[in-house]
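# Structure, please.
(chains A and B, ligands or ions: 3)
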Amino acid sequence: MNHPIIIPILTSTIEATDIKTITFHYPGDVLPGQFFMVWIPGVDEIPMSVSQITKRVKGITFRNIGDATRALYQLKKGDHIGIRGPYGNGFTLIGKRLLFVGGGTGIAMLVPVVEQARKKKLPSTVILGVKTKNQLFFEDRLRRTGTTVLVSTDDGSLGYKGFASDLAKEILQKEKIDMVYTCGPERMMSSLLSYCKSIPFQASLERYMKCAIGICGQCCVGKGLRVCLDGPIFDGATLKKVEDFGIYRRDAAGRKILF
Amino acid sequence: MVDISTTIGPLRLKNPTMLASGIMDEDAGSMQRMMDCGAGAIVTKSIGMQPREGYANPTVVELEYGLLNAMGLPNPGIELYGEEVKKLRTSNVPIIGSIYAADADEFVSLAEKMQRFGANALELNVSCPHAKQYGLEVGCDPVLLQEIVTSVKQNVSIPVFIKVSPNIMNLVQIVQGAEKASADAIVAINTVKAMKIDLETRCPVLANKTGGYSGKAIKPIGVRCVYDIAQAVDIPIIGVGGITTGEDAIEYFMAGASAVQIGSAVYYRGPDVFKSVCEEIKTWMKNHGTTTIKELIGAACR
Ligand SMILES: Cc1cc2nc3c(=O)[nH]c(=O)nc-3n(C[C@H](O)[C@H](O)[C@H](O)COP(=O)(O)OP(=O)(O)OC[C@H]3O[C@@H](n4cnc5c(N)ncnc54)[C@H](O)[C@@H]3O)c2cc1C
Ligand SMILES: Cc1cc2nc3c(=O)[nH]c(=O)nc-3n(C[C@H](O)[C@H](O)[C@H](O)COP(=O)(O)O)c2cc1C
Ligand code: FES
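Ligands and ions are numbered 1, 2, ... in the order given. Just a heads-up that it's a prediction; the model follows:
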């Protein structure tokens, strides 16, 4: 049922400046790309994508940016949080040669699908885009899967200097890619979609969420597509028809906020 | 031939299933989808003068037999939401603008704007169980409510519906007052005030602590309210509360409702619930030799 289950935190690990992973015991099946609603009692309940999937333990990775994530950041092993979910559709693995493009904290939720692809021995390249090199995380975890890892930084402090989408554009021109997977800032994802032309594409969207069960309408994009239930992963063909994609999101009151 | 069209005063609906307020009505796109899924009319979320973010999460929890919510009337305010209503102007499915306010002046201002944006009717939400100073405080004060309805009616030409709460002791007095003030229909019921406590943390789950209960569990409460209202007034009633199947809708018709609204069942059965409920109503009517909704309205009240 869709109400929070209270569970203790198993581990809390710093991944980079202001980025942490929290793991907890959760025996159910979770697909890469799905998310949980995480309740910090007395503070807030927020959506968080799964960043670690094993049979018994699941994890989330987040950036400390506001009230709820700050509270979550301060919790230690043994402290309790409420979890409901998993929600949403998850990624679909199709094609042989895959390109993954993660921007900022969006990197976290792409890692499980990269790991899934590598288990099937699919050739894959991952682009990790961050503002500056000390924000990079999960690079080692990705390299261990045997995938090709490329780094881009906005300030050129490591790897390619520029946006992850620009680096992706160069790869798309040089190599044959069957599917592009992305999560990150929406403007980055919408540029990437335009570079993909006819190459199949899956992007994970973020919208303000309240119910997460498809009833309140808060997270809708386009013609009533619910990011919490019909998404958060949408394919390129669908996104080309979503007029809000890369343009605006809505705040808790429903006001449009331009990206 | 079975005909499931119905009327609420001057408003004609091709089928009696309406989208309830606060469900999948964030913007024009979501309401358009509910029309495409077969809703016979759309009620907007409740809109006020100013933008409101609503309460912090958790705002919705599922319980054994229903949903508990304390959204806190989130909305972008009448001016911004007007843009969404305007986009639906050309559709042939009626749009009912739900509005909330604390006094008659604000209600009138909201009502005039909704009418200008193209709403085909108004629903005055005076029954939200968890919005301090809006909702119930207005909906259980017969003098204030009559003043509000009278003022709104004087200033708009579209039909005005009043959405009432099951959480009040003077329901009959309230609806009779609304009828006297020339309300065109009564919508019953809004959610039932309720609470869920988490045992492990020993605290209420909803950030607002109390919320409104909806879904299957409240259907008998809604049916009773509609029945009581049907005895007390001669204006049409729109039944809402726990309607999930065609038979649920028929029960409401028999209690006295001319149409029904569906909210929580959008969760239980998905957005196609409108089509499914209409099909189930038709099947029931065929099997029972009924050809019009009218024959069923108030069948249990005679
Ligand atoms: C499906 C989904 C998956 C997500 N996965 C991750 C993840 O893996 N890692 C990560 O770091 N972040 C993720 N986020 C974003 C995360 O939910 C927000 O960073 C978090 O809610 C911020 O809360 P806050 O109180 O700390 O910040 P605030 O100061 O309250 O807000 C900061 C930003 O977070 C957004 N936000 C606040 N509350 C919500 C809410 N209920 N729903 C959506 N956005 C909200 C605000 O719009 C604002 O832009 C995800 C969001 C969605 C929709
Ligand atoms: C998430 C949610 C939000 C709601 N928001 C509103 C609202 O803004 N205005 C209103 O009049 N009723 C609101 N309601 C109440 C419904 O319109 C309806 O009266 C109630 O849920 C009972 O119907 P149901 O059992 O079919 O859900 C809301 C209900 C839910 C579940
Ligand atoms: S968060 Fe309520 S519909 Fe998606």
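
# from here on, contacts and neighbour counts on C-alpha atoms
Fine.

# what residues does chain A put near ligand 2?
With Cα under 6 Å from any ligand atom as the criterion, chain A comes near ligand 2 at residues residue A:216.

# domains of chain A?
Structural domains of chain A, as assigned by automatic domain parsing, span the residue ranges A:5-87, A:91-201, A:205-259.

# The last one - what's its average pLDDT?
Mean per-residue pLDDT for domain A:205-259: 97.

# what does the longest one give?
Taken as a whole, domain A:91-201 has a mean pLDDT of 96.

# Please identify the helix or strand for the residue in the stretch 151-300 of chain B positioned nearest to chain A.
In the stretch 151-300 of chain B, the residue found nearest to chain A is residue B:267; the distance is 5.7 Å by Cα to the nearest Cα. Take DSSP states H and E as the rule and residue B:267 turns out to sit in helix B:265-269.

# how far does that helix sit from the chain's center?
16 Å (Cα atoms, centre = their mean, to the nearest Å).

# what are the C-alpha coordinates of that helix, in PDB please?
Listed next in PDB are the C-alpha coordinates belonging to helix B:265-269 (Å, rounded to 0.1, in the frame of the first residue of the first chain):
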ATOM      1  CA  ALA B 265     -11.100   6.000  -8.600                       C
ATOM      2  CA  VAL B 266      -8.800   7.700 -11.000                       C
ATOM      3  CA  TYR B 267      -6.200   6.100  -8.800                       C
ATOM      4  CA  TYR B 268      -7.900   2.800  -8.300                       C
ATOM      5  CA  ARG B 269      -8.900   2.200 -11.900                       C
END
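
# Report the rounded mean pLDDT for that helix.
The model assigns helix B:265-269 a mean pLDDT of 98.

# thinking again about what came up before, how about the nearest residue to the residue of the stretch 151-300 of chain B closest to chain A, chain neighbours excluded?
In this structure, residue B:267 finds its nearest non-sequential neighbour in residue A:215, 5.7 Å apart by Cα to Cα, 6 or more residues apart in numbering or on different chains.

# For ligand 1, see how far away that neighbour is.
Distance, residue A:215 to ligand 1, by Cα to the nearest ligand atom, to the nearest Å: 15 Å.

# Near ligand 2, which residues of chain B are found?
Residues of chain B lying near ligand 2 by Cα under 6 Å from any ligand atom: B:20-23, B:45-46, B:69, B:73, B:125, B:189-191, B:214-215, B:240-243, B:262-265.

# So which of the domains of chain A is nearest ligand 3?
Nearest of these to ligand 3, taken as Cα to the nearest ligand atom: domain A:205-259 at 3.5 Å.

# picking up where we left off before, contacting residues around the residue nearest to residue B:267?
B:23-24, B:264, B:266-267 (Cα atoms under 8 Å, 6 or more residues apart in numbering or on different chains).

# If we only consider the residues you listed, which is nearest to residue B:220?
residue B:264 (15.1 Å; Cα to Cα).

# Show the subsequent helix or strand relative to the helix holding residue B:267.
Following helix B:265-269 toward the C-terminus (DSSP H and E): helix B:273-287.

# Which other helices and strands does that following helix contact?
strand B:17-19, helix B:246-255 (3 or more Cα pairs under 8 Å, 6 or more residues apart in numbering or on different chains; DSSP states H and E).

# right, and those - which one's nearest ligand 3?
Of all those, strand B:17-19 comes closest under Cα to the nearest ligand atom, at 14.5 Å.

# List the contacts of residue 229.
Unless you meant another one, I'm taking chain A. A:87-89, A:212-214.

# switch to chain B, that's the one I care about
Residue B:229 touches B:171-172, B:175, B:237, counting by Cα under 8 Å, 6+ apart.

# Count the residues that sit near the residue of the stretch 151-300 of chain B closest to chain A.
Using other Cα atoms under 10 Å in any protein chain shown, residue B:267 has 17 other residues around it.

# Quick check: the gap between it and residue B:60.
Going from residue B:267 to residue B:60 by Cα to Cα, to the nearest Å gives 12 Å.
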